[in-house]
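Visitor: need a structure here:
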Amino acid sequence: MGAPHFKMSDLIRRHGIIVKSANFALYGDLSSRIVSILAGFTPRIEVYSIDESFLDLSGIENLRDHCRKIQETVIQWTGVPVSVGVGPTKTLAKLANRLAKKQGQVVILSTLAERETALKTTEINDVWGIGYRRSPMLLARGIQTAYQLTTVPEGWIRQKMGVTGLRTVRELKGQPCDDLEIEPVDKKTVCVSRSFGKTMTDQTTLAEAVATFADIAGSKIRKADLVAGRVVVFIESDRFQPNQPQYRNSAAIDFSPPRASALAIHKATQTCLNRIYREGIGYKRAGVYLLDLVKHDDAMRDLFSSEPPTSKDISKVTDQLNARFGAGTIAIGRIKRERTWYMRQDMLSPHYTTRWSDIPTCRS
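Guide: Numbering: from 1, shown residues only. The predicted model follows:
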């Protein structure tokens with residue numbers, strides 16, 4: 001469980017700990033670079049998250065040398081160390097990768113003996129797909145390790161953990177149940193949220209932040225040719241300040257038919273905010289969800305839709321201008337100005353790969 005920086009400031013100062021602010025642009029760019037490197041080692045790759053990918057290494061000879069070559073190439077080309085774990089299923093590969101991080105070397109679970117040893121040393125709450133929600137129930141039954149889970153009758157697993165739990169157990173036994181998702185899967189939900197650099201009390205500034213989140217979320221679904229059937233706005237006070245009034249709430253509006261235009265999303269989010277805003281509260285976090293996403297061509301049509309026919313053109317123009325001149329260049333219903341509400345980044349690392357002025361200079 002994380003703790004806010006101000007609570008750890010004495011400990012950080014005493015031990016000389018280096019602290020850096022989040023630099024999402026840098027992280028995203030480095031992630032894309034690493035994925036492009038990994039794609040050179042196999043044609044089948046699933047990008048699971050910003051820092052994790054599954055690779056199909058079927059048919060590779062000298063597997064350990066191949067994995068070491070992956071590590072050497074990534075760190076040489078990006079400076080980022082990576083851990084590699086190999087298994088016959090995605091769940092076992094995740095387990096092997098966790099061991100690889102601890103051992104500092106490539107871990108390959110190719111034999112039954114290797115898999116059993118790994119399963120016996122892995123606690124149940126460290127198994128991918130189990131986590132903190134299911135582990136208490138399993139621990140109460142005396143199931144403390146991944147290996148013990150594989151010895152439980154499958155009927156009990158399905159009764160207590162459902163089909164998903166059964167697939168996890170079978171994958172731990174070496175039976176593939178979850179193939180690589182090579183083609184990108186359309187998102188069903190998009191969320192844009194931020195914690196503010198300082199608490200906000202006035203509705204105008206809060207509305208500007210929510211409008212910015214709506215713009216970002218809307219551009220994401222339009223880029224993927226998706227439309228949303230529901231929009232949700234949430235706001236929260238600072239939970240780390242228990243002496244201050246605490247408040248959190250959300251509001252939603254359904255779109256019929258589903259929409260993606262900047263005008264519709266902006267209007268809906270501002271309406272939601274007006275419903276839940278309460279004076280006298282110091283707000284620390286807010287966000288916008290776009291839910292029930294479907295492809296534009298698959299969305300249900302409405303002959304009596306009240307959305308202006310020009311809204312699609314407006315969205316297209318704003319997206320093009322923001323893509324060319326930078327995010328926030330043009331926005332709905334407001335002028336571009338400094339985001340006083342934006343999260344603090346006093347210890348931000350340089351944008352080494354995404355900003356010309358931050359590129360390191362080499363001197364001979």
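
Visitor: without its sequence neighbours, what residue ends up closest to G282?
Guide: Closest residue to G282 apart from its sequence neighbours, by Cβ to Cβ, 6 or more residues apart in numbering: T199 at 3.5 Å. C-beta here means a position set from N, CA and C on the backbone, and glycine is covered the same way.

Visitor: next: I70.
Guide: F41 is the one closest to I70 (Cβ to Cβ, 6+ apart), at 5.5 Å.

Visitor: give the contact list for the one you found.
Guide: By Cβ atoms under 8 Å, 6 or more residues apart in numbering, the contact list for F41 reads 55, 66, 69-70, 73.

Visitor: what pLDDT does the model give the residue nearest to G282?
Guide: For T199, the pLDDT comes out at 87.

Visitor: for it, which three-state class applies?
Guide: Recorded secondary structure, T199: strand (DSSP: H, G, I helix; E, B strand; the rest coil).

Visitor: which strand or helix spans L206?
Guide: helix 203-223 (DSSP states H and E).

Visitor: any idea how far G142 is from V152?
Guide: Counting by Cβ to Cβ, to the nearest Å, the separation of G142 from V152 is 10 Å.

Visitor: so those two - more neighbours on which side?
Guide: V152 (15 against 7; other Cβ atoms under 10 Å).

Visitor: leaving out sequence neighbours, find the closest residue to that one.
Guide: I143 (6.6 Å).

Visitor: residue contacts, that neighbour?
Guide: 124, 149, 152.

Visitor: which member of these is positioned nearest Q244?
Guide: Nearest to Q244 among the contacts of I143 is I124, at 39.0 Å by Cβ to Cβ.

Visitor: so where is the stretch 251-364 of the chain shaky, pLDDT-wise?
Guide: 302-310, 326-328, 333-346 (pLDDT under 70).

Visitor: all helices for it, in order.
Guide: Assigned by DSSP state H, counting those that start in this stretch, the helices in the stretch 251-364 of the chain fall at 262-276, 311-325.

Visitor: any chance of those in a markdown table, plus mean neighbour count?
Guide: Formatted as a markdown table, those follow (neighbours: other Cβ atoms under 10 Å):
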| stretch | mean neighbour count |
| --- | --- |
| helix 262-276 | 20 |
| helix 311-325 | 14 |
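
Visitor: which one of these lies closest to V82?
Guide: Per Cβ to Cβ, nearest to V82 of these: helix 311-325, 30.7 Å.

Visitor: run through the neighbouring helices and strands of the closest one.
Guide: Applying 3 or more Cβ pairs under 8 Å, 6 or more residues apart in numbering; DSSP states H and E, one finds that helix 311-325 contacts helix 203-223, helix 262-276.

Visitor: what's the span of stretch 36-50, first residue to last?
Guide: 13 Å (Cα to Cα, to the nearest Å).

Visitor: I meant stretch 43-51, not that one.
Guide: By Cα to Cα, the extent of stretch 43-51 from end to end equals 19 Å.

Visitor: which positions in it come out as buried?
Guide: Of the residues in stretch 43-51, 45-47 count as buried by neighbour count, 16 or more other Cβ atoms under 10 Å.

Visitor: which of those fall within strands?
Guide: 45-47 (DSSP state E).

Visitor: now the strands for this protein?
Guide: For the chain, strands defined by DSSP E occupy the ranges 45-49, 52-55, 85-86, 107-108, 190-200, 226-237, 248-259, 283-291, 294-295.

Visitor: right, I'll leave it there.
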